[in-house]
Every structure is written in structure tokens, then in C-alpha cells.
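Trainee: this is a predicted model, with the sequence first.
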There are 2 protein chains.
Amino acid sequence: MQKSESLALGMRPKLSERVADQLRERIQKGDFAPGAQLPTEGVLVEQFGVSRTVIREAVSSLRVDGLVKAHQGRGVFVCEDISQQPFRLCSKDLSEKDHLVQAMELRMHMEVANAELAALRRTDANIQSMEAALQKQHAAHLAGELGQKEDFSFHLAIANATGNSYMIDFLRFLGPFIIPANAMHQMDPKELPDYQNSLRTEHLAIAEAIKAGDTEKAGAEMRNHLRRGLQVNANANDL
Amino acid sequence: MQKSESLALGMRPKLSERVADQLRERIQKGDFAPGAQLPTEGVLVEQFGVSRTVIREAVSSLRVDGLVKAHQGRGVFVCEDISQQPFRLCSKDLSEKDHLVQAMELRMHMEVANAELAALRRTDANIQSMEAALQKQHAAHLAGELGQKEDFSFHLAIANATGNSYMIDFLRFLGPFIIPANAMHQMDPKELPDYQNSLRTEHLAIAEAIKAGDTEKAGAEMRNHLRRGLQVNANANDL
DNA sequence: ATGTCATATGTTGTATGATGAGTTATGATA
DNA sequence: TATCATAACTCATCATACAACATATGACAT
């Protein structure tokens, strides 16, 4: 017979999420200090006027976010390093278009930096894997495939050449968000070879600059490459 | 009278986490295709031999990880872009030194991009908040404080001026990882004013370039600023 | 007085059944 | 055939009970 009028909350989305958000806020606001114990489930049940199920799901989500740590028999405690919250690209209050544009912009600058760093630090092995990726992509194109995977491999090879593992991780993280490949799917088949050719030209220019150790050119070519890709993608999606 | 012998699982840590891990694995392995519906709670209860509570908590954790999306009345579905796993800067197989250096490098390049973008797009309001932050930092310095918070506010104001919310989020994410402030704590008190002065000079140069819309200079000044900060930090920590 | 141990109490973890709230399939009816 | 009420299914929430673990309490022996 649960009364639904216990809601100074308002109740559109899931209750558990609303509770979780409120708890997050209170933690980040310093309402609960790092290391401190959260109110027990029973207390929270009373404070929020919801069932234990909801409280538990809310706390559970804080747990996977790394904000709190629960100890059976003792309680739930705020983590010492609140900072370690993960980074996500899921701004709910962002249009699909803005999401894509902003994510792509983030990636672009990131990759420009990668190209510059790669030009500074590339080893012979790096150059080899870059060229191998390009060769495979070319082969894929000749075989009539899109070669998206090989494309990404090339970019990953560049990230590898930076010697910064976080750069690699971040590119892997960003990669799936921005796939100009869906533009390729919608593309007029007659235009595809042209597109793939220009892609190859751009990639080669980047690789060349990195190989030569020309940081400025490497960055510029990468910027040009991604900007054009963004353009094509934008046109294909009517953005 | 729940029987504990239903465990082909093994049962050290929380059941819900073990179940969540198994589900994650099956999803990433492609056992459940993107877009496909997960088995219903009832079925999962039978498959794992645990209670609905556990299943719900496990699925809940997959939800906050962005791996699945639950629709009331329909079911739980695997997200189209499984890739949406959050980005973390966990230094598992990285020395503390490499961790700091690489994270700082990541931040540096992002902030250079921020400065350049800010110079392109800054509004009057942006400039005002930048200058306000600088003023507050100066006041803090004069009051004998370190002014780290105000320092970060200035950088955040720049990120704001990019108009890209992901840039802001990312800076917030990276911020706590790299705190040249700990260098300030270990610094000889006699050197502190000098350091703070040069800090202010650099900040002003950045702000000026952004205000003037000089993208190149803005980026260069930011790069110089952070590189010097990294240097100071490295010396203080014997890296 | 002190150390040891059983007990009580509090807290999170798990199980279970019932109900609310959406979604979809079914089938009756016009 | 089209429309619409109904049923069936699913996740969301509530409520209660018990298990597992941790800590505090107090009795008891030394």
C-alpha cells in the first residue's frame, strides 16, 4: 500500500537515479567528507522516504562510480580520492548533433597533439606499424571494403608513437564515438573510390611528416585530415 | 531458508558483483549482441541461481556503466555502442612517475587546445569570468594563501570559453590528477612570491591573447605556462 | 585490574513475495 | 478490417525476513 505522496522529489525518471544524484551532489558538495561514513541504509530510507531497495540501488551506483566503498557489517564510506570519477561522454542535456560535434572536436585536438608528439618521439618500430596499417587499409580498399578498422589502426599506431599510454587509452575511448564510417555507408558508391583515395593521400602526408620528425606539419596534416572527415560526416548526416 | 549450495559460482566477494562481471564478460564477448534484449530478471534468477535482488543490482551496475539500458515494461537491452565504457586514468602497470608525467602531458595538450579554441570563440562574459578568477587568485596570493582553487577556476573559465562542454568535463576530470600545488607546499617560502608572480604573469599573458583573439599566441602561452609548471613540479618531486 | 570470551546490537548482503507502472500481444467486438 | 478493452509480460518499487560480518558490551576467570 505504498503511498506515492511521500515525494517532495517529483518522480519522472527512476527514483533510484534521483536519489543517487542527490547523494552524489551532497558528497561532492562536501556534505559528507572523504573517508566519512554515509548514513546507514535505514536512516537514508527515512530521509528520502523511499524503500531500502531504492536506497541500495542508488548506493550501488555510487559504488561503481568509485565514489563510495561499502563494507558489510560496518557501513558505507566516502572514498578518499573522490577525484577518481570516470570520464564519460554522455551529457544527457546535449542534442545528438552537439554531442557529435563536441566529441569530434575533442578527438580532433587530441589527435593533433598525438601527431605532433609522434613526430617527436617515433621509433622505427612505430613507423613500421603505421605503414603496415596504411598498407592493410589500401588492400582493404582495393578489395572493395571500407577499411574502417585499418583506418583506426593507423590512428592507434600514431597514438602508440607518442609513448604516452594515456593517449592510446583515450583514443580507444573516443574512437567508437566518432565514426565517420557511417558517412561512408551512406555515400554514393561512385564517390567512394575518390573519397578513399583522398583519405589515403592525407594519411600518407601525416605518416610522412611524422617520419620526417616535422611536428608542425604532422599536426597540421592531422588537423586537416580530421576536419575534412568531420565535414563529410556532417554533410552526410545533415547537421 | 535460502540454500547456499547453489553456487557453481564460488562466493568470495559480493554476489551481485560477480554476477555483474559475468554479464559484462558475456556482453563484451558478443554473447549478447548490441541492441539485443537481455534475458528477463526471472530467467537470470534461474540461470545464476540467485535472488532478484542480486540480479537487479548487477544489472543496475551495468546500467551506470552504460553497457545496457533498461526500459520499464519492455526489458533490458544492450547498448548499441558498447564502447561507452568510461575512461579512467588508472595507473595499474605504470610507475607513479610515468603516471604523473603522462597525465600531465595529456592535460597540457588539451589545455593548449582549449586556449586556442577560447581565443576563437570567447564572449565578453567568458573574458569577465577569466579576469575575475585572476583577480581572486591575486587577492588570495596577497592574503598569503596558495590560491590553487582560484588557479583552477581560471583554467575552467578558459574551458568554458571554448563552448565545448566536453572540454570542461575533461578538464574537471583531469584536474585532480595533476596538482602542481603540492610543489608549492614543498617550496621554500622565500621563493613562493616569485613563483606566484611568474604564475600571474603567465596567466595574464594567456588571458590577453585570448581576449585579443590570437589563437596561436594563446596556445603558445598556455603551453609555456604548463610546461613550466610541470618543470617546477618535477624538480620538487625529484622525478 | 586485566584479558578472554560469549552475547547483544548494528550494518550491509541476500532472499522472497506482493504491488505499481509501463509495454506488447491477444482477442472480442463492431 | 479496424478499434478497443483485456490479459500477459516486464521492469520499478515496496515490505519483510534472514544471513553474514563487524563492533560494542558485559560477564567471568585469572
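Mentor: Received, thanks. Every value quoted in this text rests on a predicted model; they were computed, and no experiment measured them.

Trainee: need the longest helix for chain A.
Mentor: Identified as the longest helix of chain A according to DSSP state H is helix A:96-121.

Trainee: check which element follows that one along the chain.
Mentor: helix A:124-142 (DSSP states H and E).

Trainee: between that next one and helix A:96-121, how big is the angle?
Mentor: Orientation of helix A:124-142 against helix A:96-121 (axes from the mean of the first three to the mean of the last three CA atoms, to 10 degrees) gives an angle of 140 degrees.

Trainee: just the CA trace of helix A:124-142, in PDB.
Mentor: Written as PDB, here are the backbone C-alpha positions of helix A:124-142 (Å, rounded to 0.1, in the frame of the first residue of the first chain):
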ATOM      1  CA  ASP A 124      61.400   2.800 -36.300                       C
ATOM      2  CA  ALA A 125      59.000   0.200 -35.000                       C
ATOM      3  CA  ASN A 126      56.300   2.900 -34.700                       C
ATOM      4  CA  ILE A 127      56.800   3.900 -38.300                       C
ATOM      5  CA  GLN A 128      56.700   0.300 -39.400                       C
ATOM      6  CA  SER A 129      53.300  -0.300 -37.700                       C
ATOM      7  CA  MET A 130      52.000   2.900 -39.100                       C
ATOM      8  CA  GLU A 131      52.900   2.000 -42.600                       C
ATOM      9  CA  ALA A 132      51.700  -1.500 -42.100                       C
ATOM     10  CA  ALA A 133      48.300  -0.200 -41.100                       C
ATOM     11  CA  LEU A 134      48.200   2.000 -44.200                       C
ATOM     12  CA  GLN A 135      49.100  -0.900 -46.400                       C
ATOM     13  CA  LYS A 136      46.400  -3.000 -45.000                       C
ATOM     14  CA  GLN A 137      43.900  -0.200 -45.400                       C
ATOM     15  CA  HIS A 138      44.900   0.200 -49.000                       C
ATOM     16  CA  ALA A 139      44.500  -3.500 -49.500                       C
ATOM     17  CA  ALA A 140      41.000  -3.400 -48.000                       C
ATOM     18  CA  HIS A 141      40.000  -0.600 -50.300                       C
ATOM     19  CA  LEU A 142      41.200  -2.500 -53.300                       C
END
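
Trainee: return the set of buried residues in that helix.
Mentor: Neighbour counts over helix A:124-142 (16 or more other CB atoms under 10 Å in any protein chain shown) mark A:126-127, A:129-130, A:133-134, A:136-138, A:140-141 as buried. All C-beta spots, glycine's among them, are computed from the backbone N, C-alpha and C.

Trainee: and for stretch A:217-226?
Mentor: A:217-223, A:225-226.

Trainee: could you redo these as JSON lines and give each row distance to DNA strand C?
Mentor: JSON lines is the format used below for these (distance: CB to the nearest atom of the strand, whole Å):
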{"residue": "A:K217", "distance to DNA strand C": "53"}
{"residue": "A:A218", "distance to DNA strand C": "50"}
{"residue": "A:G219", "distance to DNA strand C": "48"}
{"residue": "A:A220", "distance to DNA strand C": "49"}
{"residue": "A:E221", "distance to DNA strand C": "48"}
{"residue": "A:M222", "distance to DNA strand C": "44"}
{"residue": "A:R223", "distance to DNA strand C": "44"}
{"residue": "A:H225", "distance to DNA strand C": "42"}
{"residue": "A:L226", "distance to DNA strand C": "38"}
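
Trainee: out of those, list just those in helices.
Mentor: Among the buried residues of stretch A:217-226, the members found in helices (DSSP H) are A:217-223, A:225-226.

Trainee: now, which of those sits nearest A:P189?
Mentor: For those, the minimum distance to A:P189 (CB to CB) is 22.7 Å, reached by A:H225.

Trainee: from B:T162, how far out is the closest one?
Mentor: According to CB to CB, to the nearest Å, A:H225 and B:T162 sit 21 Å apart.

Trainee: same check, this time on A:R223
Mentor: For A:R223 relative to B:T162 (CB to CB), the value is 16 Å.

Trainee: also A:N126?
Mentor: From A:N126 to B:T162 the distance is 31 Å (CB to CB).

Trainee: same check on A:A33?
Mentor: For A:A33 relative to B:T162 (CB to CB), the value is 33 Å.

Trainee: would you mind checking the average pLDDT for the one helix or strand A:T53 maps to?
Mentor: According to DSSP H and E, A:T53 maps onto helix A:52-64. Helix A:52-64 comes out with an average pLDDT of 94.

Trainee: swap in stretch A:115-131?
Mentor: Averaged across stretch A:115-131, the pLDDT comes to 95.

Trainee: equivalent analysis for stretch A:203-214, please.
Mentor: Per-residue scores along stretch A:203-214 average to 95.

Trainee: what does stretch A:159-166 give?
Mentor: 93.

Trainee: only C-alpha atoms, please: export it in CSV.
Mentor: This file holds the C-alpha atoms of stretch A:159-166, laid out as CSV (Å, rounded to 0.1, in the frame of the first residue of the first chain):
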residue,chain,number,x,y,z
ALA,A,159,49.0,7.2,-30.6
ASN,A,160,51.4,4.4,-29.8
ALA,A,161,54.3,6.5,-31.2
THR,A,162,53.6,9.2,-28.6
GLY,A,163,54.9,6.8,-26.0
ASN,A,164,52.1,8.0,-23.7
SER,A,165,49.8,5.2,-22.8
TYR,A,166,47.0,7.5,-21.7
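
Trainee: just give me how far it sits from the chain centre.
Mentor: 17 Å (CA atoms, centre = their mean, to the nearest Å).
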